[in-house]
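>>> Here is my input, please return the structure:
(one chain, ligands or ions: 1)
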Amino acid sequence: MDDPVANNPFKHMPVKDLLSDDHFMREALREARKAFDDDEVPVGAVVVCEGHVIARAHNLTERLNDVTAHAEMQAITAAANHLGGKYLDQCSLYVTLEPCAMCAGALHWAQVGRLIYGADDEKRGFTKYSDHLLHPRTKVKKGVGSQASAQLLKDFFGSKRPARG
Ligand SMILES: [Zn+2]
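As a prediction, this is how the structure comes out:
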């Protein structure tokens, strides 16, 4: 008789890491909403290691007056601080919007194990440039929570447009 557990090709990975992409993306969306409330472009990220969120971050480019303060950059730094090591190969990074080329480069340096992102960024997303910006061992899943993420960005830029003329 087939044993469904023995036949699971991902049996070496904790089950909650595999079944919880929607759950952890909701955590990233919560971060994006914090950014929205602070008048920052609403992008949020969390880093998950062994089923636990070890870092949460959102875009801080306005507050820090720093164009590099994207959610992923903040999350990578916070996760490395938490782990006491610079590599995130055992971690999954969830981000509500497709990373830009800069963040994809940073994720390469961090050797992140999995990247899960929500909405595509047709203007600035890294896949517009190259799929090889990430580390070759990084596994990618896209489109998780993409609708909620895209709606939040739409609401944000929609609310900005009249004010900026
Ligand atoms: Zn970025």
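>>> Three-state assignment for residue 39, please.
Using DSSP: H, G, I helix; E, B strand; the rest coil, the structure places residue 39 in coil.
>>> Please name the nearest non-neighbouring residue to it.
residue 62 (6.4 Å; C-beta to C-beta, 6 or more residues apart in numbering). The C-beta positions use only the backbone N, C-alpha and C, and glycine is treated the same way.
>>> helices or strands next to the longest helix along the chain in the packing?
Counting residues, the longest helix found in the chain (DSSP state H) is helix 146-164. Using 3 or more C-beta pairs under 8 Å, 6 or more residues apart in numbering; DSSP states H and E, the elements in contact with helix 146-164 are helix 21-37, strand 91-97, strand 114-119.
>>> Identify the residues contacting the very next helix or strand once past the last one?
Elements were assigned by DSSP states H and E; along the chain past strand 114-119, the next helix or strand is strand 139-142. Residues lying outside strand 139-142 but in contact with it, judged by C-beta atoms under 8 Å, 6 or more residues apart in numbering, are 21, 98, 113, 114, 115, 116, 117, 118, 120, 134.
>>> What are the buried residues along strand 139-142?
By neighbour count with 16 or more other C-beta atoms under 10 Å, strand 139-142 contains no buried residues.
>>> and stretch 106-115, how far out from the chain's middle?
11 Å (C-alpha atoms, centre = their mean, to the nearest Å).
>>> Would you mark the buried spots in it?
106, 107, 108, 110, 111, 112, 113, 114, 115.
>>> Of those, which ones also sit close to the ion?
Among the buried residues of stretch 106-115, proximity to the ion is found for none (C-beta under 5 Å from the ion).
>>> Centre-most residue in this protein?
In the chain, the residue lying closest to the centroid (C-alpha atoms, centre = their mean) is residue 95, at 1.8 Å.
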